[in-house]
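Trainee: Build me a structure from this.
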Amino acid sequence: MAHYSRQVSGTMPAWQDRLLIGAFGQEAQGGDRLQWLVGNIGVALAVGAAYFLAAQLGLALLTEERVAVFWPASGIAAGTLIALGCRARMPVAAGVFAASVAASLMSDRNVWSALAFALCNASEALLVMWLIERWFGPTFNLDSLRRVVGFFAAAIVATATAAAGASVAMKLFGPSTAELLAVWKVWFASDALGIVTIAPLLIGIAAAVRDAPSWRELLEGTLAVVVLTAVISYLLTVLSGPWSLIAPSAFYFPLLLWLVSRCHPVFAAAAVFTIAGAIVWTTTHDIGRYGDPTQPMAIRVLAAQLVMLSTTLAALALAALFAERRKQEAAIAERDAQLALAGKSALVGTYVLNVNTGRAQFSAGYAAIHGLPSDAEEGWRDEWMARVHPDDRAQLDELRNKTFAERLSEHRSEYRIFRPEGELRWIEGRAVVTYDGDGHPQRMIGVNIDITDRKRAEEHQKLLVAELDHRVKNVLATVTAVASDTSQHSNSMADFIDAFDHRIRSMADTQALLSKSHWKGVSLNDLVRQELAPYVTAENTVAEGPYVELTATATQTMAMVLHELATNAAKYGALSKPLGSVSVRWDLRSNGHSPAQLKLQWREEGGPLVAAPGRKGYGTSVIRELIPYELGGTVELEYRENGVSCIIEFAVQRDEDRDTPVRSEPRV
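Mentor: Numbers count the residues shown, from 1 in each chain. Here you go, the predicted structure:
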């Protein structure tokens, strides 16, 4: 009934890294066979030594049937295998087998019984490890009630199986003459107690290596285990005679409860180990409660075993429950933190309102939406109503009363609030209403969503639709006027189609420029380039002037004027001759207060002799009359012999951040 141990010296991280991972994991790689061999031998020797010492402690308490009533070696073997995993099977089994044989031979057993018991002990540890790994995977700890129950189940199955084989061996090879069932019971009880009291400590140490506790928890847990050890040792010594009526657990259970509620399960396992050790020691040496010589040995042993089993089960189960609770609390705290961050970022908040008292509890996202302090968690409905826009209060009260009157389970609303700094925000509220048995509203559990951006987008969309409708009407009206005037001044249908087509294309190009700038304005330089582009050659055009951004209205007006000037120049003026040229220059004049005055000069040179037209055409009407009518400016159009000259002036709004002169010559 022996087991092996993995970290009896407290140096398990080095053992695990250098011996287990290095030796077992690299056995088949062929490069470090010596290291593998040394590692296996080292683990086997360490486990064998620990098992042998624990076996000597178990052999110190024997029944008349020559069977140990408590076998701590089984816990060392099973705990080490579970902690190290299946890679440690061979060296641990070898160490357990050798130590078990040595311990048996030193306790007057014969060779055959020693070999049989050693085989049972090694098989028992391997079976426990196999069951644990099959049920819970390669990494095991006792941080959940399900795992604690599974651990106890594996210990029962493995020890019951090993006890059956050991009882047969005991009958065959001696030295006991007891009945098989009696031997089986004693063997089963002693090995099972050894596993459930010793193995959790080794499993907990391995878990602590993977997830180290904080220094605070380490100090607190260690101090609690030391105090608990001192208390239980004292109690087991003095509680005899009349004091024996008081169970030791009445004194140490509060300490044990404090320990399991605040620390990792490894500290509960350490407490169980010390309690079991104290009980075994006092029972073995006839000291105190369990060493009362007036009581039969069988009764004392049974009492000690029952106390050890119940204490172990209670401590590990409570430690697992508290560990599960800590995990759940950590998960809930993390989820709440994520929800709070999401609520603040997305401006979504939750609340719970007591309809009768008007008291509300709300989340961090709710506080962020309403501009409340970040640590605010409670408030009153009257305080909320005071933040609501006055124009929306009556509607909200009416909707709320209707919901309660009709006993509706859902309540939805949209309203505006003023934040403390005066900012207006739109809120969408959704809530679930609960009623009592008489139909009176009790609670409203809801969510507030800041929809200010959505409302602004909807308003902007309405404005865009209205603006688009207005612009489409204006464009259609302009097209109609252009068509009408073009037809009146055309000599033939071909002339009409040609002139109308060019003017419509110019309007379309202007619309494209405005659309590209989202109708915020167009650079005058870009507009000039666009209108001159169809007629530009190597050196026949020049355009220069400071940066000027025209409004949408000014862009459309100037586009029509420049189009007519460019078309006339191409047909009859300077751009109709190879040596002709056109210069477009503009400047801004400002007195610092009133809008800046734009002056643009169009001048043609090198073209044919120019004479004023005999009749006023559509193009001339556009050039002379559109600027004064649309922009309130002035136009001076002169037909000089050396070329047409046109000076246009009107007021523009100037962007002071973009007044650096831009000189460019449009080229296509």
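Trainee: Ala93 contacts Leu126, correct?
Mentor: Yes. Contact criterion Cβ atoms under 8 Å: Ala93 and Leu126 qualify, at 6.2 Å. Placement of C-beta: from N, CA and C, glycine included.
Trainee: contacting residues for Asn354?
Mentor: Ala360, Gln442, Arg443 (Cβ atoms under 8 Å, 6 or more residues apart in numbering).
Trainee: Kindly reformat those residues as a markdown table containing distance to Glu564.
Mentor: What follows is the contacts of Asn354, written out as a markdown table (distance: Cβ to Cβ, whole Å):
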| residue | distance to Glu564 |
| --- | --- |
| Ala360 | 68 |
| Gln442 | 76 |
| Arg443 | 73 |
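Trainee: about what we covered before: between Ala93 and Leu126, which has more neighbouring residues?
Mentor: Between Ala93 and Leu126, counting by other Cβ atoms under 10 Å, Ala93 is the more crowded of the two (23 against 20).
Trainee: Quick check: neighbours shared by Ala93 and Leu126?
Mentor: By Cβ under 8 Å, 6+ apart, no residue touches both Ala93 and Leu126.
Trainee: would you list every one of the helices in the stretch 301-450 of the chain?
Mentor: With DSSP state H, counting those that start in this stretch as the criterion, the stretch 301-450 of the chain has helices at 364-370, 381-387, 390-405.
Trainee: And for the stretch 1-150 of the chain?
Mentor: Ranges of helices within the stretch 1-150 of the chain are 12-14, 25, 33-59, 72-84, 89-105, 111-136, 145-173, based on DSSP H, counting those that start in this stretch.
Trainee: between those helices, which gets nearest to Leu218?
Mentor: Among those, the nearest to Leu218 by Cβ to Cβ is helix 12-14 (15.1 Å).
Trainee: pLDDT wise, what is the spatially closest residue to Ala569 that is not a sequence neighbour at?
Mentor: Computed as Cβ to Cβ, 6 or more residues apart in numbering, the closest residue to Ala569 that is not its neighbour in sequence is Leu575, at 4.3 Å. Leu575 carries a pLDDT value of 83.
Trainee: Closest one of the contacts of Asn354 to Leu353?
Mentor: When these are compared against Leu353 (criterion: Cβ to Cβ), the nearest one is Ala360, at 4.4 Å.
Trainee: tell me, how many neighbours does the closest one end up with?
Mentor: 19.
Trainee: Contact partners for it?
Mentor: Residues counted as contacts of Ala360 (Cβ under 8 Å, 6+ apart) are Tyr351, Val352, Leu353, Asn354, Glu378, Gly379, Trp380, Arg381, Trp384.
Trainee: what's the closest non-adjacent residue to the last one?
Mentor: Excluding the flanking residues, the one nearest Trp384 by Cβ to Cβ, 6+ apart is Ala360, at 7.0 Å.
Trainee: Show me what the one you found is bridged to.
Mentor: Leu353, Gly379 (DSSP bridges).
Trainee: Quick check: the residue nearest to Ala569 vs Ala596, distance?
Mentor: 30 Å (Cβ to Cβ, to the nearest Å).
Trainee: Redo the helices of the stretch 1-150 of the chain as JSON lines? Include mean pLDDT.
Mentor: Below are the helices of the stretch 1-150 of the chain laid out as JSON lines (pLDDT from 0 to 100):
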{"stretch": "helix 12-14", "mean pLDDT": "38"}
{"stretch": "helix 25", "mean pLDDT": "42"}
{"stretch": "helix 33-59", "mean pLDDT": "76"}
{"stretch": "helix 72-84", "mean pLDDT": "85"}
{"stretch": "helix 89-105", "mean pLDDT": "82"}
{"stretch": "helix 111-136", "mean pLDDT": "86"}
{"stretch": "helix 145-173", "mean pLDDT": "85"}
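Trainee: who wins for proximity to Trp281 among these?
Mentor: helix 33-59 (8.9 Å).
Trainee: re earlier: so which of Leu575 and Ala596 has more stuff around it?
Mentor: Set Leu575 next to Ala596 and count neighbours by other Cβ under 10 Å: Leu575 wins out with 25 against 19.
Trainee: For the more buried one, give me its contacts.
Mentor: Contact analysis of Leu575 by Cβ under 8 Å, 6+ apart lists Tyr535, Asn540, Ala566, Ala569, Val582, Glu604, Gly607.
Trainee: Now for those: which two are most distant?
Mentor: Ala566 and Gly607 (12.9 Å).
Trainee: Neighbour count: these two, which is higher?
Mentor: Each of Ala566 and Gly607 has its neighbours counted (other Cβ under 10 Å); Ala566 has more, 26 against 20.
Trainee: Tell me the first helix or strand C-terminal of the host helix or strand of the more buried one.
Mentor: Using DSSP states H and E, Ala566 maps to helix 552-571. Sequence order places strand 581-589 as the next helix or strand after helix 552-571, per DSSP H and E.
Trainee: Neighbouring strands of that next one in the sheet, and parallel or not?
Mentor: By DSSP bridges, strand 581-589 pairs with strand 541-546 (parallel), strand 596-605 (antiparallel).
Trainee: Those: which one's closest to Ile449?
Mentor: Across the strands paired with strand 581-589, Ile449 has its closest neighbour in strand 596-605 (45.9 Å, Cβ to Cβ).
Trainee: tell me the angle that closest one makes with helix 552-571.
Mentor: 10 degrees (axes from the mean of the first three to the mean of the last three Cα atoms, to 10 degrees).
Trainee: ok, residues contacting strand 596-605?
Mentor: Contacts for strand 596-605 (Cβ under 8 Å, 6+ apart): 524, 545, 548, 562, 565, 569, 573-575, 580-590, 610, 642-654.
Trainee: that older thread, in CSV: the contacts of Asn354, plus pLDDT.
Mentor: Formatted as CSV, those follow (pLDDT from 0 to 100):
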residue, pLDDT
Ala360, 89
Gln442, 90
Arg443, 89
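Trainee: and which of those residues is nearest to Val101?
Mentor: Distance to Val101, by Cβ to Cβ, is smallest for Arg443 among these, at 71.9 Å.
Trainee: now the closest one, which residues is it bridged with?
Mentor: On the basis of DSSP bridges, Arg443 is bridged to Asn354, Thr434.
Trainee: Where does the prediction get shaky in the stretch 551-668 of the chain?
Mentor: Where the stretch 551-668 of the chain drops to pLDDT under 70, the residues are 591-594, 614-616, 653-668.
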